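In: Next input, structure requested:
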Amino acid sequence: PTTTMAAMAASPSSLNLNLPKEVVDPHHHFIDTAGTSFQTFLRSAAGGDIRCLPEDYSRDLIEPLSKVGVKFYGSVHVEAMPDDGSAEVAWVEGMSADGRCAYVRGYVASCDLTRDDVEEELLKIIKTSPKVRGIRWILDCVGKFQGGKTATHVATLRHDGIDHLKTPEFERGLAMLEKHGLSFDLQCAPVQLVESAAALFAKYPNLKVCIDHLGKPRKVLGDDMVEDGTMNPNVVRDEKELEVWRKGMKAMAALPNVYVKLSMMGYAIPGWIRTKERRAALKSVVREIVEMFGPERCMAAWNWHVNAAVSDADNMSDVGPDVVELLEMFAWFFEGYTEEERERLFAGTAKEFYGLE
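Out: Prediction:
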């Protein structure tokens, strides 16, 4: 369906929202930097201790969804820059065995695909849990890390300034994922989609790939706040940023093995929940993705950890929607799609991609 300007400009509160019967959250993190031994890099990157445990997730996400009549089918726990990928999976598995997070149905684990012993490491991770479904190694790199001033992610301090999407060592690791039936969660900058990702992943048609966080268009309307502490009034989209992002996403959409997570949307538009203009701008981006890939290759995700603002904007804003607000926004974004298509967006695509059923 096409998106009319009137529908885009409407507020979700003005619509008769069609909430889903069931959701899967295919992207969230458990973190306890003070209580674990394998999160030293994350603690350093965060500048101190951070924590988000199963009880927090149940309180903040599962219980609010239940109160509005939405069944929580389960989740996929995604790596959070651990020092040891198998140790992180084992930690969450232990909490699950204790009954704290039995709802975790799959893992996307961490593994540096450029390491010399990559196959040995992958086998170690696979043996840790039968619920391991895929691997993520954060790749956002447009040069050396500059403290968040560019699209380069703090995670790439582990290989500062090296764009692994262009290295033969990384490609060798991708081949190992395909060999062992693991998927890959791709988190990178839009220019990397254009310059290397589309051509690289075209070589591996049997490797399932999921692009994280909308493909990460960055600050489409600029910063959330301006220097004097007031809200940025800009409503003009950065078409140059969107042009690069669109070119990369279209190239990836042409590959039938590539999917997308609709998540961390405050990275694209920090503070998007503040005004109807920002919400409308984000809705147009989300709808464009769904129309590029189809509902059968898109999945709504909450990226829940720490709090709403961190989950939504990765520290680029101090506001973000709570779980039910985000659910309602997704329902608004997906207005006009059929019930079957909405079921795919909220649950079915994630179940299929990660083999959760």
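In: Break down the stretch 251-357 of the chain into its helices, ranges please.
Out: Secondary structure of the stretch 251-357 of the chain, counting by DSSP state H, counting those that start in this stretch: helices at 276-293, 308-313, 323-333, 339-343, 349-354.
In: can you tell me which of those the model trusts least?
Out: Ranked by mean pLDDT, these bottom out at helix 308-313, which scores a mean of 91.
In: Contacts for it, please.
Out: Counting by CB atoms under 8 Å, 6 or more residues apart in numbering, helix 308-313 makes contact with 224, 264-267, 270-271, 273, 302-305, 315, 317-323, 326, all of which sit outside it. Quick note: C-beta positions are derived from backbone N, CA and C, even for glycine.
In: got it, and stretch 195-206?
Out: 163, 165-166, 171, 174-175, 178, 186, 188, 207, 209, 248, 251-252, 254-258.
In: 7 Å instead?
Out: 165-166, 171, 174, 178, 186, 188, 207, 209, 248, 251-252, 255, 257-258 (CB atoms under 7 Å, 6 or more residues apart in numbering).
In: Select only the buried ones of those residues in PyMOL?
Out: Of the contacts of stretch 195-206, the buried ones can be selected in PyMOL as follows, counting by 16 or more other CB atoms under 10 Å:
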select buried, resi 165+171+174+178+186+188+207+209+248+251+252+255+257+258
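In: Going by distance to P64, which of the contacts of stretch 195-206 wins?
Out: Closest approach to P64 among the contacts of stretch 195-206 (CB to CB): L186, at 29.7 Å.
In: tell me the contacts of the nearest residue to E121 once chain neighbours are set aside?
Out: Nearest non-adjacent residue to E121, counting by CB to CB, 6 or more residues apart in numbering: C111, 5.5 Å away. Going by CB under 7 Å, 6+ apart, C111 touches 85, 118, 121-122, 125, 135, 137.
In: Can you report how many residues lie near the closest residue in space to K219 that isn't next to it in sequence?
Out: Closest residue in space to K219, ignoring its immediate chain neighbours: P270 at 6.3 Å, by CB to CB, 6+ apart. P270 has 28 neighbours, counted by other CB atoms under 10 Å.
In: Tell me the pLDDT of P270.
Out: pLDDT, P270: 96.
In: OK, contacts around it?
Out: Neighbour list for P270: 219, 223-224, 313, 316-317 [criterion: CB under 7 Å, 6+ apart].
In: Which of those are buried? Put it as a ChimeraX command.
Out: To isolate the buried ones among the contacts of P270 in ChimeraX, judged by 16+ other CB under 10 Å, type:
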select :219,224,313,316,317
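In: Same list (the contacts of P270) but as CSV, adding distance to F334.
Out: Listed next are those as CSV, based on distance: CB to CB, whole Å:
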residue, distance to F334
K219, 24
D223, 28
D224, 25
A313, 21
M316, 24
S317, 23
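In: Of the contacts of P270, which is the nearest to Y107?
Out: A313 (24.8 Å).
In: Need the nearest residue in space to the closest one, chain neighbours excluded.
Out: G266 (3.0 Å).
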